[in-house]
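Colleague: have a look at this prediction, sequence included:
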Amino acid sequence: MNEMLETVARGMVAPGKGILAADESTGTIKKRFDKIHVESTEDNRRDYREMLFRTTEAMKNCVSGVILYDETIRQKAKDGTPLVEIMKAAGSIPGIKVDTGAKALAGPISGIEKITEGLDGLRERLSEYHALGARFAKWRAVITIADGCPTWNCVKANAHALARYAALCQEADIVPIVEPEVLMDGEHSKHDIDECYRVTEWTLRTVFRELYDARVVLEGMVLKPNMVIAGQKCPKQASAAEVAEKTLRCLKSTVPSAVPGIAFLSGGQSDEAATEHLSLMNAIGKAPWALTFSYGRALQAAALQAWGGKPDNVAAAQQAFSHRAQMNGLAALGKWDAKLEKAA
Ligand code: 13P
């Protein structure tokens, strides 16, 4: 067992801390910037992310690690300091997204299902990222609920790719974040919480089977799953208590206790819902792994809105980011309360 991998994995899910997913690809960050009418230039992307990483108190107290995109891990702040050094000074571990995106999966159900690419040349890229300071990585697979989906072909192919990625990471002394995301934003009206449970359970069982076959050391990885939740278009939405209870039940039945931590994605939930669900799960307690966040949208949406690309708004945007980071830090301890949102 590589002790370094285990130490990093435990650090990523340290009590009261979670991960900031700031690894939007150039295409995705453009979509986010379009919404606030900011041009997606390299400098604007740098300024935005530098602003987040310089929110020192939030970074120090609530953020264990940051997932970066290829461009960002190489970028320097306005004053010439590498962004990686800024986050390290705040006590955060740098991480890197290494998949090259979810592409259409060929086959009978074409146009809906996706397979994540990026294995070719990954060994060499991981070695470069390690030299650039990355100590963990992320690979996101997406599973869609729709008529006839997911297919076994899609679940199996994505789980297999995740396992090959994870094994390559560990070989390179990099902790893999294994992210099989059952999407919540499908069109399917029958996509209720129980359908999400069924598909999430199937996906996680398949992923851990593939991780075993690839001899991935579970102590040296972090799982990043979706919560068990109804699809956004489903008329029958579940209560927060039901989401927490079913998510925990599903994870307990599929995720070995050797895994040090589970860091959820937010997946399109509102900021507060993502926080509340996490807090409720931690309040239930008795989980064998740490349960925390690895949010993108649910940590950044308020800050992006407050920033709007204007230097004058930096303090307000940092305040917004800090607030969400603190709320989620409390949720990771099961101590969040809706009243704290109002008080802020
Ligand atoms: P969201 O929290 O916005 O779903 O993003 C997390 C992430 O990193 C998806 O890969």
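Modeller: It's in.

Colleague: where does S239 sit relative to the ligand, distance-wise?
Modeller: Taking CB to the nearest ligand atom, to the nearest Å as the measure, S239 falls 21 Å from the ligand. In short, each C-beta sits where N, CA and C put it, glycine included.

Colleague: from now on call the first residue 27
Modeller: With the count now opening at 27, the last piece we talked about shows up as S265.

Colleague: how about the residues of the stretch 27-176 of the chain near the ligand?
Modeller: Counting by CB under 6 Å from any ligand atom, the residues of the stretch 27-176 of the chain close to the ligand are A47, R166.

Colleague: how about the strands in the stretch 27-176 of the chain?
Modeller: 44-47, 89-94, 119-123, 128-130, 140-142, 162-169 (DSSP state E, counting those that start in this stretch).

Colleague: packing partners of the fourth one?
Modeller: The reference is to strand 128-130. strand 140-142, strand 162-169 (3 or more CB pairs under 8 Å, 6 or more residues apart in numbering; DSSP states H and E).

Colleague: and what of the fifth one?
Modeller: On a contact count with 3+ CB pairs under 8 Å, 6+ apart, strand 140-142 meets strand 128-130, strand 162-169, helix 178-197.

Colleague: of these, which is nearest R80?
Modeller: strand 162-169 (21.4 Å; CB to CB).

Colleague: which parts of the closest one are buried?
Modeller: F162, A163, K164, W165, R166, A167, V168, I169 (16 or more other CB atoms under 10 Å).

Colleague: nearest to A193, out of the strands of the stretch 27-176 of the chain?
Modeller: Going by CB to CB, the one of the strands of the stretch 27-176 of the chain nearest A193 is strand 162-169, 11.4 Å.

Colleague: strands paired with the closest one, and their directions?
Modeller: strand 119-123 (parallel), strand 201-208 (parallel) (DSSP bridges).

Colleague: would JSON lines of those strands with mean pLDDT, mean neighbour count and distance to G144 be doable?
Modeller: Converted to JSON lines, these look like this (pLDDT from 0 to 100; neighbours: other CB atoms under 10 Å; distance: least, CB to CB, whole Å):
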{"stretch": "strand 119-123", "mean pLDDT": "98", "mean neighbour count": "26", "distance to G144": "9"}
{"stretch": "strand 201-208", "mean pLDDT": "98", "mean neighbour count": "28", "distance to G144": "13"}
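
Colleague: specify the local secondary structure of the nearest residue to C88 once chain neighbours are set aside.
Modeller: Sequence neighbours aside, G355 is the residue nearest to C88 in space, at 3.6 Å (criterion: CB to CB, 6 or more residues apart in numbering). Taken by DSSP: H, G, I helix; E, B strand; the rest coil, the conformation at G355 corresponds to helix.

Colleague: count of neighbours near G355?
Modeller: Residues lying near G355 (other CB atoms under 10 Å) number 23.

Colleague: and the residue nearest to S292 when sequence neighbours are not counted, what does it touch?
Modeller: Nearest non-adjacent residue to S292, counting by CB to CB, 6+ apart: A324, 3.4 Å away. Counting by CB atoms under 8 Å, 6 or more residues apart in numbering, A324 touches S292, Q295, S296, D297, A300, T301, R350, N354.

Colleague: confirm A324 sits in a helix?
Modeller: Yes. Counting by three-state DSSP, A324 falls inside a helix.

Colleague: where's it relative to D211, distance?
Modeller: For A324, the distance to D211 equals 14 Å [CB to CB, to the nearest Å].

Colleague: which stretches in the chain count as helices?
Modeller: 29-38, 52-61, 68-79, 82-88, 96-99, 109-115, 148-157, 178-197, 219-239, 266-278, 297-310, 323-333, 340-357, 364-369 (DSSP state H).
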